[in-house]
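# here is my input; please provide its structure:
(chains A and B)
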Amino acid sequence: MKKTLVVLLLLAVVAFGCSNLFAASQVRVTVMYNANEFSADHVKQFEAENPDIKIVKLETDIARFMAMSAAGNPPDIMRFNGAAVPYLANHKMIMPIDSLISKGKYLKKDDFESIVDNFKYKGKLYGFVKDWSPTLIGYFNKDAFTEAGLKFPSPTEALSYAQLADYARKLQKTEGDRIVRRGLAFWPGDINAQLEQTLIQTGTNLYSKDGSKLVLSTNPQVKAICKFFYDLAKEKVIPSPISPSETWEGSLFPGGRIGMIVYGYWYGAMSEGEQTKGKIGVLAAPQWDPKKPRVSPSFNVVGGVISSKTKNKEAAYRVFDWYFGGPPAKERASSGWGVPAQKSLQGLVATDTQLGKDRAANLKEEMKYIKFGNSSPYVLPDIYENSMRKNFELALKGDISFDQFLVNVENEVNKQIADNKASAKKKK
Amino acid sequence: MAEVITATTIKPKPTGWFRKWLNRPGTAFFGFISLWLAGIILLQIFPLTTALVLSFTNFNGFNLEAASFIGWSNYAEAFKSPDAWFSMGQTLLYCFLSIPLSILLALGLAILLNQKMAGRGIYRTAFYLPTMVPIGATALIFKAILDSNTGFLNLFISIFRPGTVINWITDYGIFCLALMSIWACGARMVIFLAGLQGIPEEYHEAAMIDGANKWQVFRHVTWPLLTPITYFQCMLAIIEGLQMFIQAAVLNQSRETTTIWNPSHSLLVYPGYALQQMMSSQRFGYGLALIWILFIIVLIISLTISKTSKYWVYYAVEQEGGAKKNE
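Numbering: from 1, shown residues only, chains lettered A, B, ... in the order given. Now for the predicted structure:
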């Protein structure tokens, strides 16, 4: 008995030692990404195909990311928005991947759609797009349109903003002050995004060309666009801080609680619900000025970047290449949750339903007019977003005037840009 | 006859420096507290000192190498910032509303549930239950009640005035938060109940024999004996109230974009503002200055309450410089 126990103990020690030896031969790559996008199955699949790499998967968490970065040990791969790339690259937090692409297996430069430029800064590519959406594409509830006596809009011909607002007012259904059905909802429901997207259509940008200034008060388009959304918010036709939705609008639309939802192409994959199955139509991206050439904006392009402090560039890039260009990219391209950023992956979405057919027709048309905006290398987009939300709420509640709202945002963001620039200069 | 072993006979005689050191009275003391001491140094003193140092820099939260010392700028800005003042005002309003109400309600409930009555255990459990509900679930319950469009409260008001929509959360956010805190006053109630049960029955009986009515018994016997517990509850409630943030953040999250770091303005409380500056605006140094200001405020209030406690808290032993206690 004693001997058996000793043999078993020795075997356990040998097995433990072997497993440690095997683990030591593996390269660890830390990936900070949303669990629903970079799943546990993805990790298993990659590790099965690449036994020499071990993925340490972390959930996206800005606090943890900051702590890891400050400690000089950031994750190797991180989920970020393309708009953050100029700031991250300017602060040398991420590395260019141009030289690694040629050594990779999946991502090929000649296969890239122009949307990939969202991850470029000063001519270098710093990351890649997971998938993207023309963000002004919308969806409408056919029952609500029939009830309001409105003709269904075409999935390929764009409405003007004025028409959209008119439809929204007619679709709004109330009982006293209570909203039974909201006329319209924009993604992500806040003025900062609405202004940013619409501004792209006017051919102007939020920031000056070098990104050193937020330009609001001297751009006449800004005031007109903000006033448009301010008026809709005051009428409570769109959700806002003075008339908030009880929950995320994306979950209210499938239940028939919203007439039109401008959430971007991706939302089509979840726009139908039990009550609205087969009753959802596609809205082409509305145009701010119908007399001008058509523009379909895209902003908030999500993807990944590689840390400049990664200890093993090659291994990190192998994971990156596999996720953004390999089997998961194909899986995403077939799901309809976004548009792939590679030419070779286009057209994989099933079009067996009317909604699927309308989405495909719409996308084909929108792709001709895609444009995206600029961002600042001196601040992350959150500062502009926070300031817009706060001051818009104050303006809607009458605490500040409409004009003051724009002045406040411009001052707050530009002060932060100036501070960041000054401290960067001092450091040099 | 058995040999008598005395302490002197078994004590090892110190010879080398190590033995001498081992036998010093402080060695055992520090040996026993060393783990705790390491914990407090690593987990409290070190982070606090680091935060203090960083509050004098323009650290952006990502890159320590790029941070530089900017003197008192962050502190000066905190005193000039309208948002800092606004959020501090919101936090103080929350404390002003929630602390007295929740303490009074908890005391009232504890007195009621200390009486002999049928189903007392059920009532005690029922009032304590909200304390056990996680904050996230509490916020969901309150959202279901207070939502402007589909909330039960507005639907109830609509019975009398059809179609009523009051934006409780976005227009009266702090009042909603105070209501949430009052709803979960069960924990305070249990502490008061324990205090009440610790008062010997004979005190009450003696007062009654002397002719005191129920109010007089409460005023001159029960209340003085409960003041140490009330003092403890007040201190805890003030610290918790000034640090309250999670409740506001969770109650606020109705839309995808109003994330935990980006609250609606009506629910912006001081710790939330500090965290927003750190996590969302990349102004870590400024955020830490705000947190240090809060720490100093909490410290001043705690010390003030502690120093004045001798005037209103009953101590069995006379406090130095204190007023004469209730006899």
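
# now do the buried residues in stretch B:101-109.
B:102, B:103, B:105, B:106, B:107, B:109 (16 or more other C-beta atoms under 10 Å in any protein chain shown). In this view, the C-beta of every residue, glycine as well, is placed from N, C-alpha and C.

# tell me which residues are up against that stretch.
With contacts defined as C-beta atoms under 8 Å, 6 or more residues apart in numbering or on different chains, stretch B:101-109 is touched by B:127, B:178, B:181-182, B:185-186, B:188-189, B:191-192, B:226, B:230, B:233-234, B:237.

# rerun that using 7 Å as the cut-off
Applying C-beta atoms under 7 Å, 6 or more residues apart in numbering or on different chains, the contact partners of stretch B:101-109 are B:127, B:178, B:181, B:182, B:185, B:188, B:189, B:192, B:233, B:234, B:237.

# how about the residues you listed in JSON lines, adding secondary structure, neighbour count and pLDDT?
Shown next, in JSON lines, are the contacts of stretch B:101-109 (DSSP: H, G, I helix; E, B strand; the rest coil; neighbours: other C-beta atoms under 10 Å in any protein chain shown; pLDDT from 0 to 100):
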{"residue": "B:127", "secondary structure": "helix", "neighbour count": "20", "pLDDT": "92"}
{"residue": "B:178", "secondary structure": "helix", "neighbour count": "23", "pLDDT": "94"}
{"residue": "B:181", "secondary structure": "helix", "neighbour count": "22", "pLDDT": "91"}
{"residue": "B:182", "secondary structure": "helix", "neighbour count": "19", "pLDDT": "92"}
{"residue": "B:185", "secondary structure": "coil", "neighbour count": "26", "pLDDT": "91"}
{"residue": "B:188", "secondary structure": "helix", "neighbour count": "25", "pLDDT": "93"}
{"residue": "B:189", "secondary structure": "helix", "neighbour count": "24", "pLDDT": "95"}
{"residue": "B:192", "secondary structure": "helix", "neighbour count": "23", "pLDDT": "95"}
{"residue": "B:233", "secondary structure": "helix", "neighbour count": "21", "pLDDT": "93"}
{"residue": "B:234", "secondary structure": "helix", "neighbour count": "18", "pLDDT": "93"}
{"residue": "B:237", "secondary structure": "helix", "neighbour count": "20", "pLDDT": "94"}
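
# out of the residues you listed, which one sits closest to chain A?
Nearest to chain A among the contacts of stretch B:101-109, counting by C-beta to the nearest C-beta, is residue B:178 at 19.9 Å.

# and the closest one, how far is that from residue B:95?
Relative to residue B:95, residue B:178 is positioned 9 Å away (C-beta to C-beta, to the nearest Å).

# and residue A:301, by the same measure?
Taken as C-beta to C-beta, the span from residue A:301 to residue B:95 is 43 Å.

# burial of the closest residue to chain A within the stretch 51-200 of chain B, as a residue count?
When scored by C-beta to the nearest C-beta, the stretch 51-200 of chain B has residue B:163 as its residue closest to chain A, at 1.0 Å. Applying other C-beta atoms under 10 Å in any protein chain shown, we find 14 other residues in the vicinity of residue B:163.

# which non-adjacent residue is nearest it?
Leaving aside its chain neighbours, residue B:163 sits nearest to residue A:176 (1.0 Å; criterion: C-beta to C-beta, 6 or more residues apart in numbering or on different chains).

# for the one you found, give me its contacts.
B:162, B:163, B:164.

# just put these in TSV and tack on pLDDT.
TSV is the format used below for the contacts of residue A:176 (pLDDT from 0 to 100):
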residue	pLDDT
B:162	85
B:163	81
B:164	85
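
# tell me the confidence at the residue lying closest to residue B:181 once chain neighbours are set aside?
Excluding the flanking residues, the one nearest residue B:181 by C-beta to C-beta, 6+ apart is residue B:98, at 4.1 Å. On pLDDT, residue B:98 comes in at 95.

# which positions in the stretch 51-200 of chain B make contact with chain A?
B:58, B:61-64, B:66, B:68, B:147-150, B:162-165, B:167, B:170 (C-beta under 7 Å from any C-beta of the partner chain).

# quick check: ChimeraX command selecting the buried ones in those residues.
The buried subset of those, as determined by 16+ other C-beta under 10 Å, is captured in ChimeraX by this line:
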select /B:58,61,62,63,66,147,148,149,150,164,165,167,170
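
# where along the stretch 101-250 of chain B do the helices fall?
If DSSP state H, counting those that start in this stretch is used as the criterion, the helices of the stretch 101-250 of chain B fall at B:120-132, B:135-146, B:152-160, B:168-171, B:173-183, B:186-197, B:201-209, B:214-217, B:223-243, B:246-252.

# pick out the residue in chain A sitting closest to chain B.
For chain A, the residue closest to chain B is residue A:176, as judged by C-beta to the nearest C-beta, at 1.0 Å.

# please report how far that residue lies from residue A:252.
Residue A:176 is 19 Å from residue A:252, by C-beta to C-beta.

# what of residue A:65?
Distance of residue A:65 to residue A:252, given as C-beta to C-beta: 31 Å.

# do the same with residue A:50
Distance, residue A:50 to residue A:252, by C-beta to C-beta: 42 Å.

# okay, and residue A:273 sits in which element?
Following DSSP states H and E, one finds residue A:273 outside all helices and strands.

# skipping adjacent residues, who's closest to it in space?
residue A:254 (2.7 Å).

# name the element residue A:78 belongs to?
strand A:77-81.

# need the residues that contact that strand.
Contacts with strand A:77-81, where a contact means C-beta under 7 Å, 6+ apart, come from A:29, A:31-34, A:60, A:65, A:88, A:127, A:300-307, A:316, A:319-320, A:381.

# from these, which land in helices?
Using DSSP state H, the subset of those located in helices is A:65, A:88, A:316, A:319, A:320, A:381.

# so the first one sits right up against residue A:31, yeah?
No: between residue A:65 and residue A:31 there is no contact under C-beta atoms under 7 Å: 11.9 Å.

# quick check: neighbours shared by the two?
Both residue A:65 and residue A:31 are in contact with residue A:75, where contact means C-beta under 7 Å, 6+ apart.

# any idea which residue sits dead centre in chain A?
In chain A, the centroid-proximal residue (C-alpha atoms, centre = their mean) is residue A:300; its distance is 3.8 Å.

# list the contacts for it?
Residues counted as contacts of residue A:300 (C-beta under 7 Å, 6+ apart) are A:81, A:83, A:135.

# just the buried residues from the residues you listed, in ChimeraX please.
To isolate the buried members of those in ChimeraX, using 16+ other C-beta under 10 Å:
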select /A:81,83,135
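
# which stretches of the stretch 1-150 of chain B have low pLDDT?
For the stretch 1-150 of chain B, the stretches flagged by pLDDT under 70 are B:1-14.

# same thing with chain A?
A:1-3, A:5-7, A:12-24, A:188-189, A:423-428.

# show me which residues of it sit near chain B.
A:62-63, A:66, A:69-70, A:91, A:93, A:175-179, A:188-190, A:241-242, A:244-248, A:380, A:382-383, A:386, A:389-390, A:393-394, A:423, A:426-427.

# just these: which are in helices?
A:62-63, A:66, A:69-70, A:382-383, A:386, A:389-390, A:393-394, A:423, A:426-427.

# who wins on neighbours among these?
Busiest of these [other C-beta under 10 Å] is residue A:383, holding 25 neighbours.

# right, and residue A:121 touches residue A:89 too?
Yes: Residue A:121 lies in contact with residue A:89 (C-beta under 7 Å); the separation is 4.1 Å.
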